[in-house]
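Asks: Below is the sequence, then the predicted model.
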Amino acid sequence: MKRMYKNSLQRDFFTHPTPTVARMLLGKILIRESEQGITAGRIVETEAYLFKNDPACHAARGETARNAAMFGPAGTAYVYLIYGIHYCFNVVTARKGEGEAVLIRALEPLVGLDLMRQRRGQVPLRKLASGPGNLCRAMAINVAHNGHDLRRPPLYLADDGYEAKEIITTTRIGISQATDLPLRYYLADNPYVSRK
C-alpha cells in the first residue's frame, strides 16, 4: 500500500515537554491504513497528561500492565478501553520511563469519509471523529495498536505543512481529578472540536 503522507513525524518531535507536544500535534495528520482502505484526519483537539502532580494521568500511581505503553519510548501509541466500550488513543511523550502522553480528542476528517461513516453510522460530518471514542471507532484504532511506533504504518502521524493560526488553551474535560489544569488545546473556530 502506497503511503498517502510521506512526511511522517520523527522521534525528536515527541520528546519536547508534553504540553508543547500537545500544541505541536494540532494540525498534524493521523493516518490509519487497513485492509478496508485508508482513513486520515487533521488533529484539532488534544489534552496533555503529566507524570508529576497530575492525578488524572494514568501513570500517576506508577507502571501497571494497563498503562505500560505509556512508559515506552516517545512517539508510540498508548491505547486503552474505557467503560468497556470506547477506545482512547494517546501519543506517548517525554523520556522513556516517565509515563506522559497526549490524548487525541478530535480529528477533522480528510480521507476515507465513506469508510468512517461505515464504522460510525450516518452521523453528521463534524461528529465523525469528534471525541476520543468516536475518533477511535472512525479510524478503527483499538488495543492492538497499543505500543505501536507512530512513525510507520498502519497507524502513523504526518506533517502536511499546515500551520495553526490560533490555539485555544482550556482545562481538560471528561475527567474528575485535576480539572483545574490548563492542559487542553484546540484549534480556534474549528467545527470538529468535541466541545468548545
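Replies: Okay, I see it.
Asks: going forward, measure contacts between C-alpha atoms and count neighbours the same way
Replies: OK.
Asks: check contacts around the most centrally placed residue in the chain.
Replies: By CA atoms, centre = their mean, the mean C-alpha position of the chain lies nearest to residue 104, the distance being 2.5 Å. Contact analysis of residue 104 by CA atoms under 8 Å, 6 or more residues apart in numbering lists 43, 45-47, 88-91, 132.
Asks: same thing but at 7 Å, please
Replies: Listed by CA atoms under 7 Å, 6 or more residues apart in numbering, the contact set of residue 104 reads 45-47, 89-90, 132.
Asks: Which neighbouring elements make contact with the helix or strand harbouring residue 20?
Replies: Using DSSP states H and E, residue 20 maps to helix 18-24. Under the contact definition 3 or more CA pairs under 7 Å, 6 or more residues apart in numbering; DSSP states H and E, helix 18-24 sits against strand 37-49, strand 100-111.
Asks: Now with 10 Å, please.
Replies: With contacts defined as 3 or more CA pairs under 10 Å, 6 or more residues apart in numbering; DSSP states H and E, the packing partners of helix 18-24 are strand 37-49, strand 86-93, strand 100-111, strand 167-170, strand 184-187.
Asks: buried stuff in the third one?
Replies: Right, strand 100-111. Under the neighbour-count criterion of 16 or more other CA atoms under 10 Å, strand 100-111 has 100-109, 111 buried.
Asks: Got a quick ChimeraX command for the buried subset of the contacts of residue 104?
Replies: ChimeraX command restricting those to the buried ones, with burial defined by 16+ other CA under 10 Å:
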select :45,46,47,89,90,132
